[in-house]
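1. Pasting the sequence and the predicted model now:
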Amino acid sequence: MRITVVGTGYVGLVTGTCFAETGNNVTCVDIDENKVKKLSSGQITIYEPGLEKLFERNLKEERLHFTTSLEEGIREAQVIFLALPTPPGADGAADLSFVLKVAEQLGKLLTDYKVIVDKSTVPVGTAEKVHAAIAKNCKVEFDVVSNPEFLREGVAVEDFMKPDRVVIGTTSERARKVMGDLYAPFVRQGNPILYMDERSAELTKYAANSFLATKISFMNEVAILCEKLGADVDMVRRGIGSDDRIGKRFLFPGIGYGGSCFPKDVQALVKSSEEVSYDFKILNAVMDVNERQKVFLIPKIKAYYNGNLKGKRFALWGLAFKPNTDDIREAPALYIINALLAEGATICVFDPEAMPNVKQVIGNKIQYAEHQYDCLENADALIIATEWSVFRTPDFDKINEILKHKVIFDGRNLFDVQRMHELGFHYESVGRAVAKP
């Protein structure tokens with residue numbers, strides 16, 4: 001099948017590459033000439049495990065193409081995916097300007113039947129708006145489908161190639177047949193393609209991410225209660241996670257969620273609720289909890305240093321909002337850094353992938369270490385903000401040797417409290433007892 005993907009951001013590049021991997025001929029369109037040049041020459045523009053190999057193979061096999069021309073890109077396409085940014089506006093509502101602008105352009109360019117697919121995360125009713133924007137200038141038949149993505153950064157290739165489910169929102173039998181044929185290779189193991197109307201498909205994406213964000217915030221609230229009542233959040237997590245009705249995933253406490261999806265999607269669903277005069281109380285609480293949680297470690301750090309952080313030097317491991325990505329959007333680490341800088345502290349950071357992105361945002365306000373242990377030099381304490389695998393079993397003898405003091409503040413509960421006590425560290429985490437030397 002001939003496919004066009006408009007937008008080569010995270011979702012667009014993964015979508016285009018994975019469709020090419022199953023034998024489709026894919027053209028990706030982007031207005032950024034520099035990005036298109038890089039991609040066309042084989043230089044991948046995002047970090048996502050497993051993607052580069054597929055990207056290089058399909059580029060070499062000429063199943064994957066890139067262009068800045070929308071007209072050229074859609075000329076032979078049967079299906080056009082819109083994978084465009086929908087950032088939150090000042091009021092929290094998703095900004096559809098990029099999507100609707102392209103939709104208007106498509107209306108002037110379509111010369112035969114095509115299926116237009118909203119792959120971007122969009123509010124309920126967007127498919128109708130896209131249809132109207134295209135129809136304004138279009139003289140041929142077309143269908144607009146809602147096909148939300150459920151890609152987890154860090155495992156997006158696996159999620160796309162072996163999806164738990166594929167959600168397709170359309171009331172058109174013709175579009176349903178096209179989309180069913182397109183996704184058939186991805187669901188051979190029997191995972192379902194769920195057909196529904198467009199509005200239900202749009203709401204499904206927001207509801208899924210909002211529910212997961214709610215689980216995270218709930219567990220973070222439980223962690224705070226554990227600290228106050230003398231319970232251990234790890235024990236509580238295991239106790240409730242073994243219940244099939246609850247499940248084990250998304251119950252790990254920490255310093256909040258970030259990234260491009262959860263914060264934006266929860267905010268957008270709240271805004272959509274407000275527009276129909278519904279007060280979504282749970283999600284408002286979820287956002288409040290998460291904002292507090294991002295700087296959860298700061299009061300602990302200040303208390304340890306008797307309220308005075310001026311002149312203190314901290315090493316910080318982890319900048320990305322989660323491991324296996326270079327995405328720093330709404331990353332808790334950035335909030336921690338800004339809070340420490342405001343208190344007069346200095347910071348040296350290390351992250352396996354995200355440091356170039358942080359440099360673009362924070363610049364030389366902090367120092368960047370080439371290796372994870374380098375940033376411990378002359379540091380009063382170590383802070384852990386992202387649970388990269390490389391941080392899980394560090395050389396504690398080396399940490400002890402380099403750090404000025406054996407003090408660790410862990411926002412991701414990577415280490416065993418009893419072991420940290422035996423190693424002689426002052427160790428504070430989330431929802432667990434403090435280990436003291």
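-> Sure thing, it's come through. Numbering: from 1, shown residues only.
2. Check which helix or strand Lys310 maps to.
-> Lys310 belongs to no helix or strand when elements are defined using DSSP states H and E.
3. Let me see the contact set for it.
-> 343-345 (Cβ atoms under 8 Å, 6 or more residues apart in numbering). Where C-beta positions appear, they are placed from N, C-alpha and C, glycine not excepted.
4. Can you add secondary structure and pLDDT and give those back as a markdown table?
-> Formatted as a markdown table, these follow (DSSP: H, G, I helix; E, B strand; the rest coil; pLDDT from 0 to 100):
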| residue | secondary structure | pLDDT |
| --- | --- | --- |
| Glu343 | coil | 97 |
| Gly344 | coil | 97 |
| Ala345 | coil | 98 |
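5. From the residues you listed, list just the buried residues.
-> Among the contacts of Lys310, those scoring as buried are 343, 345 (criterion: 16 or more other Cβ atoms under 10 Å).
6. which among the contacts of Lys310 gets closest to Ile337?
-> Ala345 (9.3 Å; Cβ to Cβ).
7. surely the closest one meets Leu309?
-> Yes - if you go by Cβ atoms under 8 Å, Ala345 and Leu309 touch, sitting 4.5 Å apart.
8. returning to what we had before: and the contacts of Lys310 as JSON lines, adding distance to Ile31?
-> Shown next, in JSON lines, are these (distance: Cβ to Cβ, whole Å):
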{"residue": "Glu343", "distance to Ile31": "42"}
{"residue": "Gly344", "distance to Ile31": "43"}
{"residue": "Ala345", "distance to Ile31": "41"}
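9. just curious, which of the contacts of Lys310 is nearest to Ile44?
-> Closest to Ile44, out of all of the contacts of Lys310 and judged by Cβ to Cβ, is Ala345, at 36.0 Å.
10. Could I get the contacting residues of that closest one?
-> So Ala345 contacts 309-314 (Cβ under 8 Å, 6+ apart).
11. List the buried residues in the host helix or strand of Val178.
-> Here Val178, judged by DSSP H and E, is contained in helix 173-183. By neighbour count with 16+ other Cβ under 10 Å, helix 173-183 contains the buried residues 175-176, 178-179, 182-183.
12. Same list (the residues you listed) but as CSV, adding pLDDT and distance to Arg329.
-> Compiled in CSV, those are given as follows (pLDDT from 0 to 100; distance: Cβ to Cβ, whole Å):
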residue, pLDDT, distance to Arg329
Ala175, 98, 32
Arg176, 98, 34
Val178, 98, 33
Met179, 98, 29
Leu182, 97, 29
Tyr183, 97, 28
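13. Let me see the contact set for the nearest residue to Arg63 once chain neighbours are set aside.
-> Distance criterion Cβ to Cβ, 6 or more residues apart in numbering; nearest residue to Arg63, sequence neighbours excluded, is Ala20 at 4.2 Å. By Cβ under 8 Å, 6+ apart, Ala20 lies in contact with 26, 54, 58, 63-64.
14. what does the helix or strand just after the helix holding Val178 rub up against?
-> Per DSSP H and E, the first helix or strand lying C-terminal to helix 173-183 is strand 193-196. Strand 193-196 has contacts (Cβ under 8 Å, 6+ apart) with 165-170, 176, 179-180, 183, 187, 204.
15. Go again with 7 Å.
-> Under the criterion Cβ atoms under 7 Å, 6 or more residues apart in numbering, residues 165-169, 176, 180, 183, 187 lie in contact with strand 193-196.
16. That strand pairs with which strands, and in what direction?
-> strand 166-169 (parallel) (DSSP bridges).
17. right, and Lys215 touches Phe252 too?
-> No - in this structure, Lys215 is not within contact of Phe252 by Cβ atoms under 7 Å, at 9.8 Å.
18. so can I have a markdown table of the contacts of Ala20 showing distance to Val102 and pLDDT?
-> Formatted as a markdown table, the contacts of Ala20 follow (distance: Cβ to Cβ, whole Å; pLDDT from 0 to 100):
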| residue | distance to Val102 | pLDDT |
| --- | --- | --- |
| Val26 | 17 | 98 |
| Leu54 | 25 | 97 |
| Asn58 | 24 | 97 |
| Arg63 | 23 | 97 |
| Leu64 | 20 | 98 |
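19. Quick check: the farthest pair among these?
-> Largest pairwise distance in those, by Cβ to Cβ, is 11.4 Å, between Val26 and Leu54.
20. still on that earlier bit, please pick the buried ones from the contacts of Ala345.
-> Here, 16+ other Cβ under 10 Å leaves 309, 312-314 buried among the contacts of Ala345.
21. sorry, back to before: need the pLDDT of the residue nearest to Arg63.
-> In this model, Ala20 is scored at 98, pLDDT.
22. Please confirm that it is located within a helix.
-> Yes - counting by DSSP: H, G, I helix; E, B strand; the rest coil, Ala20 falls inside a helix.
23. what separates it from Asp118, distance-wise?
-> Relative to Asp118, Ala20 is positioned 20 Å away (criterion: Cβ to Cβ, to the nearest Å).
24. same check, this time on Ser40
-> From Ser40 across to Asp118, the span is 26 Å (Cβ to Cβ).
25. These two: which has the busier surroundings?
-> Applying other Cβ atoms under 10 Å to Ser40 and Asp118 shows that Asp118 carries more neighbours, namely 28 against 14.
26. Thr67 reaches Gly73, doesn't it?
-> Yes - the pair Thr67 / Gly73 is scored as a contact, 5.0 Å apart, by Cβ under 7 Å.
27. shared neighbours of the two, anything?
-> 27, 29.
28. For Val26 and Leu54, indicate the residue with more neighbours.
-> Of the pair Val26 and Leu54, Val26 is the one with more neighbours under other Cβ under 10 Å, namely 26 against 20.
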